[in-house]
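> Fold the stuff below for me.
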Amino acid sequence: MSRSTRTGRTVLISGAGIAGSALAHWLGRYGFEVTVVEVAPALREGGQAVDFRGDTHFTVLERTGVLDRLRAVGTGGSPMRFVDEGGSELLHLPAEFAGGDLEVLRGDLVRVLYEHSLPCAAYRFGDSITSLTDTGDEVRVTFRHAEPAAYDLVIGADGLHSNVRRLAFGPEERYVRHLGYYAATWSLPNHLGLVFGEGSVGLNAPGRLASAGTDHRHPGRARAFFLFAAPEPGHARQDLHRQKALLAEAFAGLGWEVPRLLRSLEDAPEVYFDSISRADVDSWSAGRIALVGDAACGATIGGMGTGTGMVAAHVLAGELAADPDHRAAFARYERLLRPYAERCQKGGDRTGPFLAPRTPWGLRTRNALLGRPRILHRMMEEGRRATNTMALPDYRPAAPVPPTTCTTSATPTMSVMPMAPMAPTMSATPDTPAMPDAARAAPATPAMRPSGPRSA
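So this is what the prediction gives:
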């Protein structure tokens, strides 16, 4: 079993997504020796859009050193339109409602964070962890392909269906709860003639949403997004044929462009399909192993997981750098982050009822209320405030760290600033104004983009 010869602490991160790459950057800058293992054979650069909003998110992006690069690749936001079966518009939601203060393609964000962290970490693609043994002094790890190795710490940044959580904390059913809806997305030819900047257009029926949106990278392509209410159907997440059959059954008989969208599904080589679920873990650490991002406190859609993951990576790395006792650092990280993450996560509970209300009355009420500018503006402000409910520590070293090197071992000072081809991700706010049930179920920022599976 190999062991690092460097004097700095060694950390293995499972998952090369948003939280994993951000954490790799920060830990590397603080002098840790970081390895990232990712089950995918290459960087996952697909998907649609994710967004950031409010001072907390922007402060973390700026401290990480990626804000200017992300602004340069921003999409400008993605409007949403809902139509009837004849194609007539029923509701229009502006770009800033779904896109927040800064919207970028998920693939662009992952690429920027990966490149930014490369001087700080070693990445191993196409491999995954098969066992974890915490001896008290180290964590002994076996892999599907690589030789066994030992690390001081192991961090699971591998999403809602976390492999690290399963191995170190227990089976997924203990932590992940189905919220009554399923979502699916796939790529198809742009037969609707959607234009860049026009966002998405969709048809609702009670408990169902069928929509399509522009592919920001390829104007000749689009992405379908379907969501429907259903009990949990076992293991359809791993069965492509079963997924397609469920979708065809759920959306049979609908008009507008739905039949053509369903026909495109027949030729789709890859479909992202998952339940809308949430993960709730009693403790985010066990010995020398900890969880970050959706693995600890996530939601498939609507839990503002992108911004929360960036904030969590910043705080976890800072606490580990500030205290050589990992147990104390893990405890402070969770104490700081849990209330914030859980407030954001609540938006995921309302995503399904917002995007696909289960009754005709619910659909009419949602459309009527969100058609009122005052209510729409209030919900957007609530969304921005929800991400600014945390006093964010500043862990940056007193002496600036050169951005091209990650060999510093400076202990950070702690000041506090008073105060938020992968499948698409959706963000949403946890708190909405008091209003009738159909609209109270709504997340304040319902971009149609579910977070993709990850289990390194």
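
> by contact count, what packs against the longest helix anywhere in the chain?
Looking across the chain with DSSP state H, the single longest helix is helix 326-345. Secondary structure elements in contact with helix 326-345, counted by 3 or more Cβ pairs under 8 Å, 6 or more residues apart in numbering; DSSP states H and E, are strand 285-286, helix 294-297, helix 305-322. Any C-beta I mention is one placed from the backbone N, CA and C, and that applies to glycine too.

> Tell me which of those sits nearest to Leu67.
Leu67 lies closest, by Cβ to Cβ, to one member of the helices and strands packed on helix 326-345: helix 305-322, at 10.9 Å.

> okay, the angle between that closest one and helix 326-345?
160 degrees (axes from the mean of the first three to the mean of the last three Cα atoms, to 10 degrees).

> name the helices or strands packed onto helix 305-322?
Against helix 305-322 (3+ Cβ pairs under 8 Å, 6+ apart) you get helix 18-29, strand 49-52, helix 54-64, helix 294-297, helix 326-345, strand 392-394.

> One more pass at 6 Å, please.
Helices and strands touching helix 305-322, by 3 or more Cβ pairs under 6 Å, 6 or more residues apart in numbering; DSSP states H and E, are helix 18-29, helix 54-64, helix 326-345.

> Single out the most deeply packed of those.
Ranked by mean neighbour count, those are led by helix 18-29 with a mean of 30 (mean count of other Cβ atoms under 10 Å).

> Now do that helix against helix 54-64, angle only.
Going by the same axes, to 10 degrees, helix 18-29 makes 50 degrees with helix 54-64.

> Which helix or strand in the protein has the lowest average pLDDT?
Sorting the helices and strands of the chain by mean pLDDT, DSSP states H and E puts strand 415-417 at the bottom, at a mean of 33.

> and stretch 318-327, average pLDDT?
Averaging pLDDT along stretch 318-327 yields 95.

> now that stretch: how far from the chain's centre is it?
A distance of 25 Å separates the centroid of the chain from that of stretch 318-327, by Cα atoms, centre = their mean, to the nearest Å.

> Flag every buried residue along it.
Gly318, Glu319, Leu320, Ala321, Ala322, His326 (16 or more other Cβ atoms under 10 Å).

> how about the helices and strands packed on helix 305-322 in CSV, adding distance to Arg263?
Below are the helices and strands packed on helix 305-322 laid out as CSV (distance: least, Cβ to Cβ, whole Å):
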stretch, distance to Arg263
helix 18-29, 34
helix 54-64, 40
helix 326-345, 36
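
> who's Val104 bridged to?
With DSSP bridges as the criterion, Val104 is bridged to Val50.

> How much space separates Ala250 from Pro231?
12 Å (Cβ to Cβ, to the nearest Å).

> And these two? Which one has more around it.
Using other Cβ atoms under 10 Å as the criterion, Ala250 and Pro231 rank with Ala250 on top: 20 against 9.

> Verify the stated contact: that one with Phe228.
Yes - between Ala250 and Phe228 there is a contact under Cβ atoms under 6 Å: 4.3 Å.

> Report all helices and strands that the next helix or strand after the longest helix of the chain contacts.
Downstream of helix 326-345, the next assigned helix or strand under DSSP states H and E is helix 347-355. Packing contacts for helix 347-355, counted by 3+ Cβ pairs under 6 Å, 6+ apart, involve no helix or strand.

> Output helix 347-355 as PDB - backbone C-alpha positions only.
Extracted C-alpha coordinates of helix 347-355, given in PDB (Å, rounded to 0.1, in the frame of the first residue of the first chain):
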ATOM      1  CA  GLY A 347     -36.200  24.500  -2.300                       C
ATOM      2  CA  GLY A 348     -35.900  21.000  -3.700                       C
ATOM      3  CA  ASP A 349     -39.000  19.900  -1.800                       C
ATOM      4  CA  ARG A 350     -41.000  22.400  -3.800                       C
ATOM      5  CA  THR A 351     -39.600  21.900  -7.300                       C
ATOM      6  CA  GLY A 352     -41.900  19.200  -8.500                       C
ATOM      7  CA  PRO A 353     -45.100  20.900  -7.200                       C
ATOM      8  CA  PHE A 354     -43.900  24.100  -8.800                       C
ATOM      9  CA  LEU A 355     -42.900  22.800 -12.200                       C
END
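
> Would you mark the buried spots in the helix or strand following it?
The helix or strand immediately downstream of helix 347-355 is helix 360-370, counting by DSSP H and E. Residues of helix 360-370 classed as buried by neighbour count (16+ other Cβ under 10 Å): Gly362, Leu363, Thr365, Arg366, Asn367, Leu369, Leu370.

> Then stretch 218-228?
Those would be Ala222, Arg223, Ala224, Phe225, Phe226, Leu227, Phe228, for stretch 218-228 by 16+ other Cβ under 10 Å.

> would you list those in TSV and tack on distance to Cys297 and pLDDT?
Output for these, formatted as TSV (distance: Cβ to Cβ, whole Å; pLDDT from 0 to 100):
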residue	distance to Cys297	pLDDT
Ala222	32	90
Arg223	27	89
Ala224	29	93
Phe225	24	93
Phe226	27	96
Leu227	22	95
Phe228	26	96
